[in-house]
Structures are given as C-alpha cells and as structure tokens.
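> Take this sequence and fold it.
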Amino acid sequence: MISAIILAAGKSTRMGQNKMLMKWGNATVLETVLGTLRDAGVEDLVLVAGRELQVEGDGLRVVINESADEMLSSIQLGLRSQKAESEAALICLGDQPQMESASVRAVCAAYQSNKSNLVAPSYHMRRGHPWLIARPLWDEVLKMGNAQSPRDFLKRHADEIHYVNVATPTILQDLDTPADYLKYKPRV
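Predicted structure coming up:
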C-alpha cells in the first residue's frame, strides 16, 4: 500500500493567512489536495497539521506538529504515523492544489513497477512533488536531526532517485505568497 503524507503544519507567514483554508474553486486549497490524492487512488492519507488547522474526513488521519516551522519534523511525524501495511509514502505539499492526479498516479505506478526506494516527478529536469519514499529509507529520515532537511536527504540519495518525467509544471508550483495564489488560482 502507498500512503500519502500531506504537509500542512506551516504557519503561512508569507501568505498572511492560513493558506490551507483559502478558497480554490469550489473548495479550499487543502480540500483540493485531498481530493486529487483520492482521485489518484491513494486511500491512506495522513495530514500533518498545526494546532490551528481543524480538519476531518473519511480515511484522513490527522497528526499535530508542534514544530510547525520544520518540514523535516512533519515528514518524520507522518512516517511514524504510517500503518504497518504501508510500503511507501508520498510526500505531498498541502499548499499545492494544482497538483494533478495523473502526476500522482505516474509516481505510484513507477514505484509499483520498479520498487525504487525513491521516486520523484520531474518537469524539464526539475524535481517536484509529490515524491515517494519507500519503507527501507524511513529509518534514515527518522534519525535525521534538526540541522538537516529533506533536501539534504534527497541530495545524499541523488543517484538512487527514479525520475518520472511529467508534462506539467504543476509539480513545481506551490502557494507561498498572495502573488502565487493570484497567479495560480482557478478562474471561476
């Protein structure tokens, strides 16, 4: 089983408001991300959120991260919350509502076919989200300290990453600022 860890514990400082709750078409940013993952066939969802984000949903497990400023701690909490039958986890950004289910399916399919420990989507030679980490590498991430980052981990394993080329820049786009939101939001 492939699970998804949705990182949504950040403080949205640059956005000026909780970006997970901002409108995105007929839903919120976070609801759109969750819907895309479900549409792609991912049924086990772990949301790593801050205290101020109260979310519920079918098949959604919520874990609260007290260290909201650190992406690594959110990934670690998500990995610790995985079910025993989960063999790999997608690392997803909660502020990436333009993520496409086809990209998610492509990453999952690549893992299923080659069982690579790391799979990442690539658009014009740039790595994006969601990327996948298989269980054999989880302990290494769980042992990482605060001075390290997910980027450091991926650099250490650069030669092991199986890249899936996708035809969409949406794997690179997230919402950090009001300008990002205005640039990417759907026109309704």
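> okay, which residue is most central for this structure?
Nearest to the mean C-alpha position of the chain, counting by C-alpha atoms, centre = their mean, stands Cys92 at 0.7 Å.
> Where does it sit: helix, strand or coil?
Judged by DSSP: H, G, I helix; E, B strand; the rest coil, the three-state class of Cys92 is strand.
> Ala8 is in contact with that one, correct?
No: the pair Cys92 / Ala8 is not scored as a contact, 9.2 Å apart, by C-beta atoms under 8 Å. In this view, the C-beta of every residue, glycine as well, is placed from N, C-alpha and C.
> before we move on, the earlier item: tell me the spatial nearest neighbour of the residue nearest to the centre of the chain, not counting adjacent residues.
Residue nearest to Cys92 in three dimensions, not counting chain neighbours: Pro130, with 4.2 Å by C-beta to C-beta, 6 or more residues apart in numbering.
> And the one you found, its phi and psi?
Main-chain dihedrals, Pro130, degrees, to the nearest 10: phi -80, psi 140.
> Which pLDDT value belongs to it?
For Pro130, the model assigns a pLDDT of 97.
> Correct me if wrong: it contacts Ala4.
Yes: using C-beta under 8 Å, Pro130 is in contact with Ala4, at 7.0 Å.
> what touches both of the two?
Taking C-beta atoms under 8 Å, 6 or more residues apart in numbering as the contact rule, Pro130 and Ala4 both touch Leu90, Cys92.
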